[in-house]
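>>> coordinates only, no sequence provided:
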């Protein structure tokens, strides 16, 4: 019967490459999540500014209409 020799664990270049790939993928996902949060924040700010502009425009139009009826 032939005894199998135990060889020390060999880390090949591929295992490091695989770990590096996992780390890079994780970093990409983290950056994507941060970008998504930033886009959401920009959208919320733009929506708020648009609403404020709409309300100001309506207020101005009402004031102009009221001033036109008084003359």
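Here it is on my side, so go on. Everything numeric in this text was worked out from a predicted model, so none of it was measured.

>>> residue boundaries of the strands in this structure?
With DSSP state E, there are no strands along the chain.

>>> show me where it has its helices.
Remark: helices assigned in the chain by DSSP state H are 13-70.

>>> what ranges of it fall below the confidence cut-off?
For the chain, the stretches with pLDDT under 70 are 1-17, 71.

>>> let's go with 80 and repeat that
1-23, 69-71 (pLDDT under 80).

>>> of all residues in it, which one is nearest the centre?
Residue closest to the average C-alpha location in the chain (C-alpha atoms, centre = their mean): residue 36, at 1.1 Å.

>>> please determine how far residue 20 is located from residue 33.
Residue 20 sits 20 Å away from residue 33, taking C-beta to C-beta, to the nearest Å as the criterion. All C-beta spots, glycine's among them, are computed from the backbone N, C-alpha and C.

>>> again with residue 41
In terms of C-beta to C-beta, residue 41 sits 13 Å off from residue 33.

>>> in stretch 33-41, what's buried?
Within stretch 33-41, no residue qualifies as buried by neighbour count (16 or more other C-beta atoms under 10 Å).
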